[in-house]
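Colleague: Curious how this folds, go ahead:
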Amino acid sequence: MFRKIILLSALLLGVLLFGAKATYAQKDRVEGFWLNQEKEAKIEIYKAKNGKFYGKIVWLKEPNKDGKPKTDVNNPKESLRSQPIIGLLILKAFNKDGEKTYEDGTIYDPKNGKTYSCKITYENDNQLSIRGYVGISMLGRTTTWTRSPN
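Modeller: Residues are numbered from 1 along each chain as shown. Here you go, the predicted structure:
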């Protein structure tokens, strides 16, 4: 009887530890790969060690211009205009606020070289609303991103 109790306890402890580890390793629902509304770019959103969320361009429908990789030609900093668009960090420093909202971050638009305040709303497993704005959220534009398999 004593052996059964020890064996059962060890089994229960293993299940609890495995469950805790699986929960810890679980990604946030916003993490993963997303296509922008125009389906021209794929952005990987990830959680950094500082607990904030970031996103970088990992794919472009048209990655080259004149046979060379596209670069950030519209960047207001001249020294950054030669950096490739693929790999470019466009979402920065978002804090999770509740179950579906990510705030206090910025979004960079390489098409015009401007950075905007931004709010991300998780709509469902396949859709994000991205609202870029200047000043207050009412003065902005919302675009919809769809999940990409990878």
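Colleague: Now do the helices in this structure.
Modeller: 2-25 (DSSP state H).
Colleague: Dump the C-alpha coordinates for the biggest strand by length in it into PDB.
Modeller: Counting residues, the longest strand found in the chain (DSSP state E) is strand 114-124. This file holds the C-alpha atoms of strand 114-124, laid out as PDB (Å, rounded to 0.1, in the frame of the first residue of the first chain):
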ATOM      1  CA  LYS A 114       7.300  57.500 -40.600                       C
ATOM      2  CA  THR A 115       6.800  56.100 -37.100                       C
ATOM      3  CA  TYR A 116       3.300  56.200 -35.500                       C
ATOM      4  CA  SER A 117       1.900  55.300 -32.100                       C
ATOM      5  CA  CYS A 118       0.100  52.000 -32.400                       C
ATOM      6  CA  LYS A 119      -2.400  49.800 -30.700                       C
ATOM      7  CA  ILE A 120      -2.900  46.100 -31.600                       C
ATOM      8  CA  THR A 121      -6.200  44.300 -31.000                       C
ATOM      9  CA  TYR A 122      -6.400  40.500 -31.200                       C
ATOM     10  CA  GLU A 123      -9.700  39.900 -33.000                       C
ATOM     11  CA  ASN A 124      -9.400  36.100 -33.300                       C
END
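Colleague: Report the buried residues of it.
Modeller: 115, 116, 117, 118, 119, 120, 121, 122 (16 or more other CB atoms under 10 Å). All C-beta atoms are positioned from the backbone trio N, CA, C, and that covers glycine.
Colleague: now stretch 53-73
Modeller: In stretch 53-73, counting by 16+ other CB under 10 Å, buried: 53, 54, 55, 56, 57, 58, 60, 70, 71, 72.
Colleague: which other residues reach it?
Modeller: Applying CB atoms under 8 Å, 6 or more residues apart in numbering, the contact partners of stretch 53-73 are 28, 30-31, 33-34, 39-48, 80-96, 102, 105, 110, 113, 120.
Colleague: Could you do stretch 125-137 as well?
Modeller: 29-30, 34, 107, 109, 116-123, 139-147.
Colleague: Look up how far residue 53 lies from the residue nearest to the spatial centre of the chain.
Modeller: Closest to where the C-alpha atoms of the chain average out (CA atoms, centre = their mean) is residue 45, at 1.8 Å. From residue 45 over to residue 53 the distance is 6 Å, taken as CB to CB, to the nearest Å.
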